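1. The following comprises the amino acid sequence and a computationally predicted model.
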Amino acid sequence: MGSTCDFLGRLGEIAGPAGLLTDMDAMAPHLVDWRGQFRGRADAVVRPRSTAEVAAIVRACGEFQAAIVPQGGNTGLAGGATPTPAGRQIVLALGRMNRVRDLDPLDNLLVAEAGCVLQTLQTAAVGAGRLLPLSFGAEGSAQIGGAIATNAGGVNVLRYGSTRQLVLGLEVVLPDGTVLERLGRLRKDNAGYDWKQVFIGSEGTLGIITAASLRLYPKPAQSQTAMVSVGSPGAALRLFERIDAELGEFLSSFELVSEAAYRVSLDHLPGASFPFSEGWVVLVELTAGSPDLPLGEVLEATLARAFEDGCALDAVIAQTVAQAQALWLVRESIADGERAAGVSVKHDVSVPISRIADLIAAVERGAPELFPGARPNIFGHVGDGNMHVNIILSPQQATDPTVAHRLNDYVHDLVAAEGGSITAEHGIGQYRRDELYKYKTVAELRLMEQFKQLLDPRNLMNPGKVIQVEPG
Ligand code: FAD
Ligand code: ZN
């Protein structure tokens, strides 16, 4: 197994002095997750500059039997990037692998290293007249490698799909140090198994993503953003049906926000204005490639029909880019506002679209009844059937560790009864690992464990995350 001193010496040779952190203060931010829910330890934080360095580090970890915890922007919400409390392990922080290797407008393709911050890539795409549609609240810190490893969703999935649909190819370092490379430029490729799919959403348990080729889209020439007061989640579903039917080809976002959710966000944004003071709202965004289409007019006409049939009560259409951004800011700041509002238990669930209103009604009725003082904070992506059913705890509940477990069981049993999933976006990590075993079938779990054992027989790649396996 070798001594820790020898191990660190080897890592230093590979990554250089700037690429090896062993000082406790320097390592500290890497050993805790964004929400401060998980803490771990590591012998070192290693910051490679190249794929070759990643491969050499992985081989050294194999030799010294050290576990590897890949880490991107450390914004994940499932504790996947936080090391466990014990054992020889390193955090492999990808932030220094931040080069854009290629950006080709005609191929609509961006090839980027894993450590590129998502927002930087969005900006690079816009500079070339293109759109990288992956967008979510943590985009200023999250890295593309982390987004791929969690198959992140966000606000544009309705139109462009989640990360999985945007990845054309990957470069991955396998647990034995082999570099697997197919940074494809192709839209169609049926030559054999599509192995990249196994790594998308694998949360660092099967290999290290070092680069990706991503699909770009033409940058829309115009957009329309509206905040619509809908009265209830059921009305929001009817509004979605109408807008999808009439304007579906332009619809890029349809976000449902409860009164509780925009209130926690506004509390966190002093000076921000918001058009409504009560009831459920929907944030709708339409985009179009042609500057000549009367997008504002058609949106107004559709909303007028929605007022008539009662699925919309009132609406504000942003007249300027700044107004649209102000509306989006309130939506994007819900997570930060919720964090400031106290301890919350998050549920990132998906159900068939038709079941959303029933699920919300059940939680809004049942959660405060079963857990007096708990406050549901619900928002999400209606078109994807994905709701963030978060519950802010009272200060007293926050001190009782059993509350979160009982709430999880309560919400997830409701979701399972509706044929849903316990995580639509954030993944399993260590947060939901035991619950995965409750809600997946034995056959599915066995297949996942077989994949893991095939690729990582010594269980050194992010052990303790997603699935439970013993080293073979
Ligand atoms: P990290 O947190 O560093 O890592 C996440 C997981 O990926 C870990 O298991 C880690 O081991 C693994 N990993 C990281 N990099 C690599 C790599 N190069 N190779 C292999 N494995 C790797 N998610 C959504 O889907 N939709 C949202 O709308 C959304 N909104 C969010 C809003 C906020 C405010 C926050 C804080 C988070 C939000 N998230 C959302 C969570 C989202 O999954 C993460 O923010 C993001 O995808 C993770 O990227 P990261 O670089 O921070 O990864
Ligand atoms: Zn989300």
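-> Arrived safely. Ligands and ions are numbered 1, 2, ... in the order given.
2. these two touch, right, G177 and R59?
-> Yes: with contact defined as Cβ atoms under 8 Å, G177 counts as touching R59 (3.9 Å). Bear in mind the C-beta positions are built from the backbone N, C-alpha and C, glycine included.
3. Strand partners (parallel or antiparallel) of the helix or strand hosting N390?
-> In this assignment (DSSP states H and E), N390 forms part of strand 386-392. Strands that pair with strand 386-392, judged by DSSP bridges, come out as strand 344-345 (antiparallel), strand 348-350 (antiparallel), strand 375-381 (antiparallel).
4. So what touches that strand?
-> 153, 157, 256, 264, 334, 338, 341-351, 356, 359-360, 363, 367, 371, 374-381, 407, 411, 424-425 (Cβ atoms under 8 Å, 6 or more residues apart in numbering).
5. Which pLDDT does the model give the closest residue to ligand 1 within the stretch 351-472 of the chain?
-> Across the stretch 351-472 of the chain, no residue is closer to ligand 1 than E425, which sits at 3.2 Å (Cβ to the nearest ligand atom). With respect to pLDDT, E425 scores 95.
6. Just give the closest residue to it, not the sequence neighbours.
-> In space, and not counting its chain neighbours, E425 is closest to G153: 4.2 Å by Cβ to Cβ, 6 or more residues apart in numbering.
7. Distance-wise, check that neighbour relative to ligand 1.
-> Here G153 is placed at a distance of 4 Å from ligand 1 (Cβ to the nearest ligand atom, to the nearest Å).
8. Neighbours of that residue, how many?
-> Neighbour count for G153, taken as other Cβ atoms under 10 Å: 25.
9. Work out for me the element the closest residue to ligand 1 within the stretch 101-250 of the chain sits within.
-> Proximity of the stretch 101-250 of the chain to ligand 1 (Cβ to the nearest ligand atom) peaks at G146, 2.1 Å away. G146 belongs to helix 144-149 when assigned by DSSP H and E.
10. So R182 sits against L170, correct?
-> Yes: using Cβ under 8 Å, R182 is in contact with L170, at 6.7 Å.
11. Out of these two, name the residue with the larger neighbour count.
-> Applying other Cβ under 10 Å to R182 and L170 shows that L170 carries more neighbours, namely 25 against 16.
12. Now do the same for the more buried one: helix, strand or coil?
-> Assigned with DSSP: H, G, I helix; E, B strand; the rest coil, L170 falls in the strand class.
13. residues in contact with the residue nearest the centre of the chain?
-> With distances taken as Cα atoms, centre = their mean, A152 lies nearest the centre of the chain, 3.4 Å away. With contact taken as Cβ under 8 Å, 6+ apart, A152 is in contact with 134, 136, 142, 146, 162-163, 425.
14. about what we covered before: state the number of residues packed around the residue of the stretch 351-472 of the chain closest to ligand 1.
-> Applying other Cβ under 10 Å, I find that E425 has 24 neighbouring residues.
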